[in-house]
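[1] Starting from these lines, generate the structure:
(one chain, ligands or ions: 1)
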Amino acid sequence: MSKAHFGLIGLGVMGENLVLNAERSGFSSVVYNRTYSKTEDFLKRSATGRNIQGASDLQDFVNKLERPRRILMMIKAGPAIDAVIKQISPYLEEGDLLIDGGNSQFLDTERRVKELESQSFGYIGMGVSGGAKGALEGPSMMPGGTKASYEAIESLLEKMAAQVEDGPCVTYIGPGGSGHFVKTVHNGIEYGIEQILSEAYDLMSRVGGMNCSQMADVLSHWNSTEELSSYLVEITEACLRTKDPESGRDIVELIMDKAGQKGTGLWTVVSALELGAPVPTIYASLNGRVMSSIKDQRLEAESILPAPIPEPFDMGCLDDGMHLLMDAVVLSCIASYAQGMELLRIGSLEYNYQLKMPAIAQIWKGGCIIRSRLLKRIQDAYESNPQLANLFIDPWFSAQVEARISGLAHIVAGAAKSGIPVPCFSSTLDYINSYRTGRLPQNLVQAMRDCFGSHTYERVDKEGSFHTEWID
Ligand code: NAP
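    Next comes the predicted model:
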């Protein structure tokens, strides 16, 4: 059998679908999985009749690949990646290229790029988004590492990626761990939008008394608008329409209200805190998941700290797509993207990644979980002003604030009176209000800090650093 063009390690749901995609794109493949029975099963089940062969050990795997070898690892992030690198390195030769397509911590990738490149192997840390379907039909991919390593797999990735009107959803992101940094932030934005849609669902259900089918109709309307047309809105409608096959009830209502938050969402917030980038909407979504996970405590507190009975308030009506609620959803989704892009901009400066914001918006327009029509506006905003400090000051986005901020404020106020938590909506309102306030009250914070700790302060009326004796 002739040598294969492409090798895949890790036959989880993503690996299986990516290798089928690579083969369909014209790249004969060889697969290896730690547990060999999975390889056998895959070869019998999905790879029959395709140009895909299996390998029972890593030496066999490497021998079946043409040189220079192009190997994608699609395995659990963390120590498993280091373990596989260690196991495979003795069989690799100069010029071979390893790609980590999992959700690795970007600083781990930074280290691995340095270590592997110093041994004359190429190493790419590549974020992949799109879930199982995207992996098969065309994901969005965010590869980082040296430009030369990227060029060695560019044609493969361009054929495998989702395609949008202005090209494939893959581009060279930048050096080091930049690809995984961008994927991390992508997932942070994803956390935000998921929580925003869940808050809208909660209000429609508890304040509006709407059933899942009515809410799905609203989501369907939102998905037809430029501001909200997106994959996440589309699947939210599908979730709300799905019935439990056993009971015939809406399946969403039968799902336990606890969501996990390890990994990329957490890393987004940790990075933002370290870099001094404000991401309150994204942070609120992470915290929403943390609060959801303390279910037992919440059940106990429900009787000790009873919340008010939700009072109906105007959120719009079914016929106008709940226009006031839509205002809150639109501005909060924009805030999620704006904060993510701002984190990318600040991270790019700190790590010298030289990220190209229009190109990142472009590759997120298809294939990935946060794909949306809004990304075209985001791409346009950064194309017309590559130095844009914040999306909200772009003319199209500032017009959205003007048109929708009173709707958002009205929804936050109504939810507050009804005792319904809307962490992303309220954080977004505070974020926009803080951002558009030239003078914030941190002058008083500075006074207190100087009072108890002689930290000094700057003044608005003269240059320099000042200290006051505040208490006799
Ligand atoms: P997964 O469940 O995260 O990982 C399963 C694969 O990892 C299996 O092939 C498993 O081999 C292998 N593995 C685990 N520990 C290993 C070790 N110590 N040495 C060698 N192999 C090891 O699979 P996945 O969902 O397809 O995800 C793969 C990667 O893509 C992850 O980093 C994930 O976070 C990321 N990702 C996932 C999605 C998604 O929608 N699922 C989307 C984007 C990115 P065995 O069969 O032998 O256990």
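[2] The helix or strand where Gly134 lies - what's its average pLDDT?
    Counting by DSSP states H and E, the element that carries Gly134 is helix 131-137. On average, the pLDDT along helix 131-137 is 97.
[3] How far does it sit from its chain's centre?
    Distance, stretch centre to chain centre, for helix 131-137: 16 Å (Cα atoms, centre = their mean, to the nearest Å).
[4] Who are the packing partners of the helix or strand that it is followed by?
    As assigned by DSSP H and E, the chain's next helix or strand after helix 131-137 is strand 140-144. Counting contacts by 3 or more Cβ pairs under 8 Å, 6 or more residues apart in numbering; DSSP states H and E, strand 140-144 packs against strand 122-129, helix 147-160, helix 178-206, helix 357-363. Glycine gets a C-beta too; all of them are placed from N, C-alpha and C.
[5] Can you give me the neighbour number for Ser247?
    10 (other Cβ atoms under 10 Å).
[6] In contact with Arg34, which residues?
    Residues near Arg34 by Cβ atoms under 8 Å, 6 or more residues apart in numbering: 10, 75.
[7] picking up where we left off before, what's the closest of the helices and strands packed on strand 140-144 to the ligand?
    Among these, the nearest to the ligand by Cβ to the nearest ligand atom is strand 122-129 (5.1 Å).
[8] per-residue pLDDT, Ser120?
    88.
[9] neighbours around the closest residue in space to it that isn't next to it in sequence, how many?
    Ranked by Cβ to Cβ, 6 or more residues apart in numbering and with sequence neighbours excluded, the top spatial neighbour of Ser120 is Glu94, at 4.4 Å. Glu94 has 10 neighbouring residues, counting by other Cβ under 10 Å.
[10] Met210 too?
    The burial count for Met210: 20, using other Cβ under 10 Å.
[11] Surely it and Tyr201 touch.
    No - using Cβ atoms under 8 Å as the test, Met210 is too far from Tyr201 to be in contact (9.1 Å).
[12] What distance do you get for Glu23 to Gly134?
    The spacing between Glu23 and Gly134, counted by Cβ to Cβ, to the nearest Å, is 17 Å.
[13] Neighbour count: those two, which is higher?
    Gly134 (26 against 20).
[14] residues near the residue in the stretch 351-472 of the chain that the ligand sits nearest to, how many?
    Taking Cβ to the nearest ligand atom, the ligand has its nearest neighbour within the stretch 351-472 of the chain at Ile369, 8.2 Å off. For Ile369, the neighbour count with other Cβ under 10 Å is 21.
[15] Confirm it sits in a strand?
    No - Ile369 sits outside any strand when classified using DSSP: H, G, I helix; E, B strand; the rest coil, being coil.
[16] which secondary structure elements does the helix holding Gly134 contact?
    helix 13-24.
[17] if we go to 10 Å?
    Contact analysis of helix 131-137 by 3 or more Cβ pairs under 10 Å, 6 or more residues apart in numbering; DSSP states H and E lists helix 13-24, strand 122-129, strand 140-144, helix 147-160, helix 231-241 as its packing neighbours.
[18] Quick one: name the residues of the chain near the ligand.
    10-15, 33-35, 38, 74-77, 80, 83-84, 102-103, 128-129, 131 (Cβ under 6 Å from any ligand atom).
[19] Give me the buried positions along stretch 360-379.
    Of the residues in stretch 360-379, 360-372, 374-379 count as buried by neighbour count, 16 or more other Cβ atoms under 10 Å.
[20] cool, stretch 35-48 as well?
    By 16+ other Cβ under 10 Å, the buried positions in stretch 35-48 come out as 38-39, 42-43, 46-47.
[21] So which of these sit within helices?
    When DSSP state H defines the helices, the subset of the buried residues of stretch 35-48 inside them is 38-39, 42-43.
[22] Tabulate those (a markdown table), appending pLDDT.
    As requested, those are arranged in a markdown table below (pLDDT from 0 to 100):
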| residue | pLDDT |
| --- | --- |
| Lys38 | 97 |
| Thr39 | 97 |
| Phe42 | 97 |
| Leu43 | 97 |
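[23] And those, which is closest to Glu234?
    Nearest to Glu234 out of those is Phe42 (Cβ to Cβ; 29.6 Å).
[24] so who does the closest one touch?
    11, 15-16, 19-20, 31, 33, 48, 52, 54 (Cβ atoms under 10 Å, 6 or more residues apart in numbering).
[25] repeat that with 8 Å
    By Cβ under 8 Å, 6+ apart, Phe42 lies in contact with 11, 16, 31, 33, 54.
[26] Distance of it relative to Val19?
    8 Å.
[27] Common neighbours of those two, please.
    The contact lists of Phe42 and Val19 share 11, 31, where a contact means Cβ under 8 Å, 6+ apart.
[28] And the lowest-mean-pLDDT helix or strand in the chain, what's buried?
    Least confident helix or strand of the chain, by mean pLDDT, DSSP states H and E, is helix 106-118 with a mean of 94. Residues of helix 106-118 classed as buried: 106, 108-110, 112-113, 116-117 (neighbour count, 16+ other Cβ under 10 Å).
[29] What strand or helix carries the residue in the stretch 101-250 of the chain positioned nearest to the ligand?
    As assessed by Cβ to the nearest ligand atom, the ligand sits closest to Gly102 within the stretch 101-250 of the chain, at 2.5 Å. Element membership for Gly102, per DSSP H and E: none, as it lies in no helix or strand.
[30] Find the nearest non-adjacent residue to it, please.
    With Cβ to Cβ, 6+ apart as the criterion, Gly102 has its nearest non-adjacent residue at 4.6 Å, and that residue is Ala77.
[31] Double-check that neighbour against Phe106; I have them as touching.
    No - taking contacts as Cβ under 8 Å, Ala77 lies outside contact range of Phe106: 10.8 Å.
[32] Who are the packing partners of the helix or strand containing Ile334?
    Ile334 belongs to helix 323-351 when assigned by DSSP H and E. If you count contacts as 3+ Cβ pairs under 8 Å, 6+ apart, helix 323-351 packs onto helix 178-206, helix 212-223, helix 264-275, helix 280-293, helix 357-363, helix 374-384, helix 395-417, helix 423-435.
[33] what about 6 Å?
    helix 178-206, helix 264-275, helix 280-293, helix 395-417, helix 423-435 (3 or more Cβ pairs under 6 Å, 6 or more residues apart in numbering; DSSP states H and E).
[34] export those helices to JSON lines and tack on mean pLDDT and mean neighbour count?
    JSON lines is the format used below for these (pLDDT from 0 to 100; neighbours: other Cβ atoms under 10 Å):
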{"stretch": "helix 178-206", "mean pLDDT": "98", "mean neighbour count": "26"}
{"stretch": "helix 264-275", "mean pLDDT": "96", "mean neighbour count": "20"}
{"stretch": "helix 280-293", "mean pLDDT": "97", "mean neighbour count": "22"}
{"stretch": "helix 395-417", "mean pLDDT": "98", "mean neighbour count": "17"}
{"stretch": "helix 423-435", "mean pLDDT": "98", "mean neighbour count": "21"}
